[in-house]
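Q: take a look and give me a structure for this.
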Amino acid sequence: MEKFPLFPLNLFMLPGDYTQLYIFEERYKQLINESWEQDSSFGLPFSNKLNARNYGTAVKVHEIVKRHANGEMEIVIRAVGNFRLDKFHYQKEGKLYPCGEVEFFTPDGKAKASEGLLARFKEHLLQSNNLDAELLALESPSIFEIAGVLNLSDIQKMEFVGIRGLAKMEDYLFNYLRYLELLQEQEAHVYQNFYLN
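A: All right, here's what the predicted structure looks like:
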């Protein structure tokens, strides 16, 4: 089994997500430079005590925004899949950074949302006054595109990719949309009961 380069972080991403990182440790500067030069991916094991399944995110460097004189970098990474970490090695042979043996299990990121989920999602956007024309115009987004817009927490993202089966993944998003709807109703109710002197 090939040893996959690793950068443990308390961060979990869905396929297609982007985020910015500031790289300052020598070992991770080496990892990022190699990944950028070779156009290769590396793993972010989700270092959270609730991650009993040892899940992580495979990412690629999308852009190096800025290189500082001391070698530190500001980068943008893009999630390309997910994995389960089977074995962790504190240092890859001949390298400064860690590595591990991983099993990729990336769910079908292209699986399209059902008409029912899409309708519920658009209804949520309208109720939350998110009138982003691009989002409202989506005709057949993937379930990951919808999940990405819903601002799930890292734990929720981890739970979501661990679900097996499209129907169950859709149920998860339906339930989350219902939860957001209840929060909006409660917020409106509380607001209506406040009176200014």
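
Q: how about the strands in this protein?
A: 4-5, 18-23, 42-45, 55-67, 73-89, 99-104 (DSSP state E).

Q: nearest to residue 112, of those?
A: Nearest of the strands of the chain to residue 112, taken as Cβ to Cβ: strand 73-89 at 18.5 Å. Every C-beta, even on glycine, is put in place using the N, C-alpha and C of the backbone.

Q: give me the angle between the closest one and strand 99-104.
A: 90 degrees (axes from the mean of the first three to the mean of the last three Cα atoms, to 10 degrees).

Q: okay, strand 73-89 in CSV with CA atoms only?
A: The C-alpha trace of strand 73-89 is given here as CSV (Å, rounded to 0.1, in the frame of the first residue of the first chain):
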residue,chain,number,x,y,z
MET,A,73,2.9,30.4,2.3
GLU,A,74,-0.8,31.3,2.0
ILE,A,75,-2.5,28.7,-0.1
VAL,A,76,-6.0,27.7,-1.3
ILE,A,77,-6.8,23.9,-1.3
ARG,A,78,-9.6,22.0,-3.0
ALA,A,79,-11.1,18.8,-1.7
VAL,A,80,-11.0,16.0,-4.2
GLY,A,81,-12.2,13.1,-2.1
ASN,A,82,-12.4,11.4,1.3
PHE,A,83,-10.6,8.5,2.9
ARG,A,84,-10.3,6.4,6.1
LEU,A,85,-6.8,6.4,7.7
ASP,A,86,-5.7,2.8,8.4
LYS,A,87,-2.2,3.5,9.7
PHE,A,88,-0.4,6.7,10.6
HIS,A,89,3.4,7.2,10.3
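
Q: what packs against that strand?
A: Counting contacts by 3 or more Cβ pairs under 8 Å, 6 or more residues apart in numbering; DSSP states H and E, strand 73-89 is packed against strand 18-23, helix 26-38, strand 42-45, strand 55-67, strand 99-104.

Q: among these, which is the most enclosed?
A: Mean neighbour count (mean count of other Cβ atoms under 10 Å) peaks for strand 42-45 among the helices and strands packed on strand 73-89, with a mean of 24.

Q: now that strand: mean pLDDT?
A: On average, the pLDDT along strand 42-45 is 97.

Q: before we move on, back to that, turn the helices and strands packed on strand 73-89 into a markdown table, columns for distance to residue 145.
A: Below are those laid out as a markdown table (distance: least, Cβ to Cβ, whole Å):
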| stretch | distance to residue 145 |
| --- | --- |
| strand 18-23 | 13 |
| helix 26-38 | 25 |
| strand 42-45 | 21 |
| strand 55-67 | 17 |
| strand 99-104 | 21 |
